[in-house]
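Undergrad: have a look at this fold, sequence not included:
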């Protein structure tokens, strides 16, 4: 059986849970908390030398890290990942956008607001994170004004990757009310078959 | 013909040039300089609303941004990108590692050291960038002690993606002498057929 090493509150880990649920795949979830240093243990680094969750343990005992690589692996050959060359590249375009231009601002702002004290010096980063994050949300809004989903005209793992931290961006101080096309897309994603929320509990 | 909108000194743009040359594809290169604000023009934002190079113009007139999505598009169906599901996920694992855990430290340190004045306040970031970048180089070193290439046991677009900013990491103040397996890999990559250097001129 597939095993996910993940932190339940992490959007990157939620991506994997959502794909597994929607693909109807059986899996075991092992909670690993980076905040408590659990990704820095020798036992965990033997699984992923980069010390990050999620990490997927495959049926053959190999370990696959990087949330978006895991999504591509799980969805390969299913309707969640198109097989055609350009459509597949468009899925990746949005997934690399997510990891470079979106997550480092939107997820990091959320993490700071959820896990640091109100007087933490880390909060000095928030204005810059909000400015960059709003730019990313604006790029999504512009695309979603014309398209129902991010890539290939249909629901794919690109939508899963960007839904994860966009739908809870308010946790990081972002006002999604300014992005109506994006809000409509969030609703479309949440109404897909077998959708599960970030927090099952 | 394919058209690359790129900045010649950028490692992200170099990835695309290297793949095009190694695949023997004809292309035109249009120089676009983000430092001069050329990626923020209305004309460029119409091509890539995220305002970044490289952006590839396809034969059908569509635009494809994100260096690593471009590499996957160009290499699809060629020896540079395996077709098998897990091998393909391993290529993506290293490409997402590159964009999240490597480039934001190693490329950004290089950019600061090449494009800011010696007394620029941006240089205060360098100790943090060096520490995180060394961690990424250490993860690569550990892998390359056991494997000749990053994924699938052979030269792929994952190697192109990570070669781009690793081979010129000294520009950002990194000492590669501490990573012998990585240095041997750099030599293996540079000796592949049709390799071209970062600066053709």
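TA: Received it, and whenever you're ready, just let me know what you need. Keep in mind that what you see is a predicted model, and the values were worked out from it rather than measured.
Undergrad: does chain B sit close to stretch A:63-80?
TA: Yes. Stretch A:63-80 reaches chain B (Cβ under 8 Å from any Cβ of the partner chain) through A:64, A:65, A:66, A:67, A:68, A:69, A:70, A:72, A:73, A:76, A:77. For the C-beta atoms, the positions are set from N, CA and C on the backbone; glycine is no exception.
Undergrad: what comes up buried for that stretch?
TA: By 16 or more other Cβ atoms under 10 Å in any protein chain shown, the buried positions in stretch A:63-80 come out as A:64-76, A:80.
Undergrad: please flag which of those residues sit within helices.
TA: A:67, A:68, A:69, A:70, A:71, A:72, A:73, A:74, A:75 (DSSP state H).
Undergrad: distance of residue A:154 from chain B?
TA: As for residue A:154, its distance to chain B is 17 Å (criterion: Cβ to the nearest Cβ, to the nearest Å).
Undergrad: quick check: closest non-adjacent residue to residue A:86.
TA: residue B:73 (6.8 Å; Cβ to Cβ, 6 or more residues apart in numbering or on different chains).
Undergrad: ok, which stretches of chain A are helices?
TA: A:11-23, A:42-47, A:67-75, A:85-97, A:103-115, A:126-144, A:157-166, A:180-190.
Undergrad: please identify the most buried of those helices.
TA: Highest mean neighbour count among the helices of chain A (mean count of other Cβ atoms under 10 Å in any protein chain shown): helix A:157-166, with a mean of 28.
Undergrad: could you say what helices and strands that helix packs with?
TA: Applying 3 or more Cβ pairs under 8 Å, 6 or more residues apart in numbering or on different chains; DSSP states H and E, we find helix A:157-166 packed against helix A:11-23, helix A:67-75, helix A:85-97, helix A:103-115, helix A:126-144, helix A:180-190.
Undergrad: reformat those as TSV; add mean pLDDT.
TA: Compiled in TSV, the helices and strands packed on helix A:157-166 are given as follows (pLDDT from 0 to 100):
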stretch	mean pLDDT
helix A:11-23	98
helix A:67-75	98
helix A:85-97	98
helix A:103-115	97
helix A:126-144	98
helix A:180-190	98
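Undergrad: how about the ones you listed in CSV, adding distance to residue B:192?
TA: As requested, the helices and strands packed on helix A:157-166 are exported to CSV (distance: least, Cβ to Cβ, whole Å):
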stretch, distance to residue B:192
helix A:11-23, 33
helix A:67-75, 23
helix A:85-97, 23
helix A:103-115, 32
helix A:126-144, 35
helix A:180-190, 41
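Undergrad: for residue B:166, which of those is the nearest?
TA: The stretch from the helices and strands packed on helix A:157-166 with the least distance to residue B:166 (Cβ to Cβ) is helix A:85-97; that distance is 18.1 Å.
Undergrad: can you list contacts of that closest one?
TA: Outside of helix A:85-97, the residues within contact range by Cβ atoms under 8 Å, 6 or more residues apart in numbering or on different chains are A:68, A:71-72, A:81-82, A:136, A:139, A:150-152, A:156-158, A:161-162, B:50, B:58, B:62, B:64-70, B:72-73, B:76-77, B:92, B:95-96, B:99.
Undergrad: okay, the angle between it and helix B:67-75?
TA: Here helix A:85-97 runs at an angle of 160 degrees relative to helix B:67-75 (axes from the mean of the first three to the mean of the last three Cα atoms, to 10 degrees).
Undergrad: pLDDT score assigned to residue A:200?
TA: We note a pLDDT of 55 for residue A:200 in this prediction.
Undergrad: list the contacts of residue A:113.
TA: A:123, A:126, A:171, A:172, A:173.
Undergrad: and if we set it to 6 Å?
TA: A:172, A:173 (Cβ atoms under 6 Å, 6 or more residues apart in numbering or on different chains).
Undergrad: same deal with the one 3 residues further on?
TA: Under the criterion of Cβ under 6 Å, 6+ apart, the contact list for residue A:116 reads residue A:122.
Undergrad: distance check, it against chain B.
TA: 17 Å.
Undergrad: give me the pLDDT value at that residue.
TA: Reported pLDDT for residue A:116: 95.
Undergrad: can you check the one 3 residues further on too?
TA: Per-residue confidence at residue A:119 stands at 97 (pLDDT).
Undergrad: could you measure it against residue A:129, distance?
TA: Using Cβ to Cβ, to the nearest Å, residue A:119 is found at 18 Å from residue A:129.
Undergrad: how about residue A:79?
TA: Distance of residue A:79 to residue A:129, given as Cβ to Cβ: 35 Å.
Undergrad: give me the number of residues near residue A:125?
TA: Residues near residue A:125, counting by other Cβ atoms under 10 Å in any protein chain shown, number 14.
Undergrad: next to chain B, which bits of chain A? Give me the list.
TA: A:49-50, A:64, A:66, A:68-69, A:72-73, A:76, A:85, A:89, A:92-93, A:96, A:99-101, A:139, A:142 (Cβ under 6 Å from any Cβ of the partner chain).
Undergrad: what's the neighbour count on the residue lying closest to residue A:75 once chain neighbours are set aside?
TA: In space, residue A:75 comes closest to residue A:81 once its chain neighbours are excluded; the distance is 3.8 Å by Cβ to Cβ, 6+ apart. Residues contacting residue A:81 under the criterion other Cβ under 10 Å number 22.
Undergrad: distance of residue A:81 from chain B?
TA: 10 Å.
Undergrad: quick check, pLDDT for that residue.
TA: pLDDT at residue A:81 comes out at 98.
Undergrad: hmm, what's the outermost residue in chain A?
TA: residue A:119 (28.0 Å; Cα atoms, centre = their mean).
Undergrad: break chain A down into its domains, please.
TA: A:2-75, A:85-190 (automatic domain parsing).
Undergrad: just put these in CSV and tack on distance to residue B:27.
TA: Shown next, in CSV, are the domains of chain A (distance: least, Cβ to Cβ, whole Å):
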stretch, distance to residue B:27
domain A:2-75, 26
domain A:85-190, 16
